[in-house]
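> Give the three-dimensional model of this entry:
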Amino acid sequence: MPRDADTDVVLLEQIDYYRARATEYDDWFLRLGRYDRGEEATRRWFEQVEEVRRALRALPLDEKNILELAPGTGIWTKELCNRAAHITAVDASSEMIELNRQRLGDQVEKVTFVEADLFEWHPTREFDAVVFCFWISHIPADRIDEFLAKVETMLTRGGTVFFLDSRKEHTSTAADHVLPSRDEELMTRRLDDGREFTIIKNFWTAAVLEDTCKRVGLNVEIHETADYFQYGIGTRG
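A predicted model of the protein is given here:
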């Protein structure tokens, strides 16, 4: 299928954005600076983070070989390292990979990092589990089926898939960001130094994600926290 040249340009800009954002990425997760929406919002955020962590910890990941896509600064890589036999972590940003290495400390020996565009990279083996956090919303609508079909091929039969992303909640993003409207998938993101980038940002409904996964051979159930997070748990059929 021919690719949309404009979408390709945005995806390259999206990589540039995350490379440039690497050193301030954790401010979002830690609710600092432009992402601080007040004491009550912060309390709800971290309560719901723990809800997601409990769901992840309940999965059969002990001593498994895990593929983590778009691991970023390692917030979730660290969580996985506590249980995995080995992790292959694939990210397009060398800056994110370096911060991830630093966060892991001695556990970095469990991880093989691969710097690659996730739309172009293909593994040479299957994995017991595939995990990707805060990535699925950055996939264009016309590529979501293809991407999830590729995830299916990455898993062993009966293997586990877990993915996590944001619900459409205005207090999740920076105070000076505007979320895209219902029919848009482009969003302008601003860094602390004022630079702006255009990225893909889709807020998928649970029904769309479950149906898409089913079409490609993944049996996934979508869960949502009260305000901030949407996550999928399932297996390869």
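> Show me the shaky parts of the protein.
1-5 (pLDDT under 70).
> Now do stretch 93-105: distance to the chain's middle.
Relative to its chain's centre, stretch 93-105 lies at 16 Å (Cα atoms, centre = their mean, to the nearest Å).
> And stretch 50-65, by the same measure?
16 Å.
> which SS state does residue 219 fall under?
strand (DSSP: H, G, I helix; E, B strand; the rest coil).
> if I look at the closest residue to it other than its chain neighbours, how far off is residue 213?
Spatial nearest neighbour of residue 219, chain neighbours left out: residue 234 (4.9 Å); criterion: Cβ to Cβ, 6 or more residues apart in numbering. Bear in mind the C-beta positions are built from the backbone N, C-alpha and C, glycine included. In this view, residue 234 and residue 213 are 6 Å apart by Cβ to Cβ, to the nearest Å.
> so how many other residues sit close to the residue nearest to residue 219?
19 (other Cβ atoms under 10 Å).
> Just say helix, strand or coil for it.
Secondary structure of residue 234, per three-state DSSP, is strand.
> related to what we said a few turns ago, what do residue 234 and residue 213 both touch?
Each of 161, 219-220 lies in contact with both residue 234 and residue 213 under the rule Cβ atoms under 8 Å, 6 or more residues apart in numbering.
> just the helices in this protein please.
Remark: helices assigned in the chain by DSSP state H are 5-21, 25-30, 39-57, 75-81, 94-104, 144-154, 206-215.
> now those helices as TSV including mean neighbour count and distance to residue 135?
As requested, those are exported to TSV (neighbours: other Cβ atoms under 10 Å; distance: least, Cβ to Cβ, whole Å):
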stretch	mean neighbour count	distance to residue 135
helix 5-21	16	10
helix 25-30	16	13
helix 39-57	14	15
helix 75-81	21	11
helix 94-104	18	12
helix 144-154	17	9
helix 206-215	16	13
